[in-house]
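Engineer: please find the sequence and the predicted model below.
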Amino acid sequence: MPKLVVLGLKDDPTLWLVDLDNKTVTPQGTRPPGADYPAQAVGARKEGFATNKGVDFAITVDSLTEAASFQTVTEP
């Protein structure tokens, strides 16, 4: 099963497709013909709506150093 995540960051109107298997991140700027889901997501984000369906942890960081600090975390 592919490991794909669509995410958006606060104050950034772009939705991003993160492909964990291929280690790529691509902007999702176009809507497929007849599909309203991207438009609904953009509208919901403008209203402050957030969801974490299928994601059990997510956080933004301000630097690569801060992000790297998570690499040393081990489970208890």
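Structural biologist: Yes, it's here.

Engineer: pretty sure residue 42 sits in a helix.
Structural biologist: Yes: when classified by DSSP: H, G, I helix; E, B strand; the rest coil, residue 42 is found to be part of a helix.

Engineer: now for it: which residues touch it?
Structural biologist: With Cβ atoms under 8 Å, 6 or more residues apart in numbering as the criterion, the residues that contact residue 42 are 13, 15. Where you see a C-beta, it was placed from the backbone N, CA and C, and this is true even at glycine.

Engineer: can you check residue 22 too?
Structural biologist: Residue 22 makes contact with no residue under the criterion Cβ under 8 Å, 6+ apart.

Engineer: please tell me how far it sits from residue 50.
Structural biologist: The span separating residue 22 from residue 50 equals 26 Å under the rule Cβ to Cβ, to the nearest Å.

Engineer: do the same with residue 41
Structural biologist: Taken as Cβ to Cβ, the spacing of residue 41 relative to residue 50 amounts to 11 Å.
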